[in-house]
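1. The following comprises the amino acid sequence and a computationally predicted model.
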Amino acid sequence: MSFTARVKDELSRIDGSCDECAYVELSAIMRICGTLSLQGDGTYFMRMSTERGAVARVMIKLIHGLFGLDTPMNMRRTNLQKTRNYLIDIPDQGRLEGVLSRLGIIVPGHGQQTGIPVQLMSRRCCRQAFVRGAFMAGGFIADPTRDFHLEIALTEEGLAQGIADLLVPFGIDARINHRRGSSVLYIKSFDEIVSLLRLMGAELSVRTVESARRMKSLKNEVNRRVNAELANQARSIGAAADQLRLIEDAERLVGFRNLPNALKEFCLTRRRNPTISLAQLGRLFDPPASKSAMYHRALRLERLVDEALDETHSQTRGDVRPGDLSRP
């Protein structure tokens with residue numbers, strides 16, 4: 001089961017806080033899942049479609065419980081995606097127009113409602129119920145172990161903007177994108193996704209998302225530390241290789257017998273341990289030496305080698321002092 005299906009299944013089991021919440025939730029589901037037709041005799045016909053069994057269950061429960069209407073249902077599988085599609089029909093039955101008016105889907109004498117039915121949402125719990133119904137009808141949420149992304153696909157831009165405005169007082173800044181003739185309300189912020197799930201009452205899903213984020217943070221921290229350790233090892237190996245080359249130059253140009261005891265010990269110990277860091281190298285001495293002491297010994301050795309090189313180059317060029325020149 002996808003994470004979206006799990007969230008919708010959880011939402012389908014939540015009851016509203018007041019009697020009006022059920023009407024508001026059903027209104028949102030029918031607005032998004034339903035197709036309203038005006039028949040030749042002036043009556044209405046509503047067909048609702050969903051791929052989620054949990055959403056179909058909520059539709060039928062609310063329509064029967066609130067209005068006692070018959071709801072013939074068919075299930076079919078799409079040839080392309082091999083997914084189930086639940087089709088729920090609501091014929092007129094002599095009072096469908098009154099039902100649609102009660103749900104804020106149509107405005108008597110003016111046709112279909114645009115935007116959200118604000119007259120139904122005077123209470124906070126009812127606004128929550130409308131968002132819950134909208135997500136059940138057209139929502140998607142990515143698997144939180146991979147990405148943080150939530151969206152609600154809507155056919156009407158006015159409805160999308162109305163829901164976005166509805167979320168602002170709850171601290172949720174939803175954006176609207178246009179995709180293939182529909183308006184998509186989307187959220188990519190982890191904190192706002194959690195706020196929206198909590199607003200809809202999906203506490204189990206909130207815990208799942210928060211757990212996924214903690215696991216991501218832990219993995220990122222482990223990766224950061226591993227990368228830092230690898231970088232440190234690479235630097236240590238590079239520095240050790242430089243020190244080994246320096247020791248070879250010191251042996252060739254100065255000779256170990258001419259080195260101070262501290263530097264001679266440094267050279268011999270480094271040669272026996274060519275890959276460890278300076279800090280680890282210092283712990284092999286008796287008494288142990290600090291990393292700083294090892295670093296300064298390497299610098300002293302480098303200065304001795306540089307002086308020996310300068311002397312060698314001077315002798316090679318045959319440099320003489322001005323006082324040694326023969327005068328005519």
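-> All right, it came through fine. Numbering: from 1, shown residues only.
2. Let me know the next secondary structure element after the helix ranked longest in the chain.
-> Determined from DSSP state H, the single longest helix within the chain is helix 203-253. Sequence order places helix 261-272 as the next helix or strand after helix 203-253, per DSSP states H and E.
3. Going by contacts, tell me the helices and strands next to the longest helix of the chain.
-> helix 3-11, helix 190-200, helix 261-272, helix 291-317 (3 or more CB pairs under 8 Å, 6 or more residues apart in numbering; DSSP states H and E). Backbone N, C-alpha and C define where each C-beta goes, glycine included.
4. 10 Å instead?
-> helix 3-11, helix 190-200, helix 261-272, helix 278-282, helix 291-317 (3 or more CB pairs under 10 Å, 6 or more residues apart in numbering; DSSP states H and E).
5. lowest-confidence stretch among those helices?
-> Lowest mean pLDDT within the helices and strands packed on helix 203-253: helix 291-317, at a mean of 85.
6. If you count neighbours, what's buried in that helix?
-> For helix 291-317, burial by neighbour count (16 or more other CB atoms under 10 Å) applies to Met294, Arg297, Ala298, Leu301, Leu304, Val305, Ala308.
7. Same check on stretch 7-26?
-> 7-12, 14, 16, 20-26.
8. Return the list of strands paired to the lowest-mean-pLDDT helix or strand in the chain, each annotated with direction.
-> Sorting the helices and strands of the chain by mean pLDDT, DSSP states H and E puts strand 111-112 at the bottom, at a mean of 80. Strands that pair with strand 111-112, judged by DSSP bridges, come out as strand 106-107 (antiparallel).
9. Need the mean per-residue confidence for the partner strand.
-> Computed over strand 106-107, the average pLDDT equals 86.
10. residues in contact with that strand?
-> Applying CB atoms under 10 Å, 6 or more residues apart in numbering, the contact partners of strand 106-107 are 36, 38, 44, 96-101, 112-114, 117, 119.
11. do the same with stretch 187-197
-> Against stretch 187-197 from outside (CB under 10 Å, 6+ apart): 7, 10-11, 131-132, 135, 139, 141-142, 144, 147-152, 164, 167, 170-175, 202-210, 212-213, 216.
12. Could you tell me which of these count as buried?
-> For the contacts of stretch 187-197, buried by 16+ other CB under 10 Å: 7, 10-11, 131-132, 135, 139, 141-142, 144, 148, 150-152, 164, 167, 172, 174, 202, 205-206, 208-209, 212-213.
13. Wait, Glu157 touches Arg179, no?
-> No: counting by CB atoms under 10 Å, Glu157 stays clear of Arg179, with 11.6 Å between them.
14. Please point out which parts of stretch 107-115 sit buried.
-> Buried, per 16+ other CB under 10 Å, within stretch 107-115: Gln113.
15. got it, and stretch 124-138?
-> 126-138.
16. would CSV of these with distance to Phe256, pLDDT and secondary structure be doable?
-> Below are the buried residues of stretch 124-138 laid out as CSV (distance: CB to CB, whole Å; pLDDT from 0 to 100; DSSP: H, G, I helix; E, B strand; the rest coil):
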residue, distance to Phe256, pLDDT, secondary structure
Cys126, 88, 94, helix
Arg127, 84, 94, helix
Gln128, 81, 95, helix
Ala129, 85, 95, helix
Phe130, 85, 95, helix
Val131, 80, 96, helix
Arg132, 81, 95, helix
Gly133, 85, 95, helix
Ala134, 81, 95, helix
Phe135, 77, 96, helix
Met136, 81, 95, helix
Ala137, 83, 94, helix
Gly138, 80, 93, helix
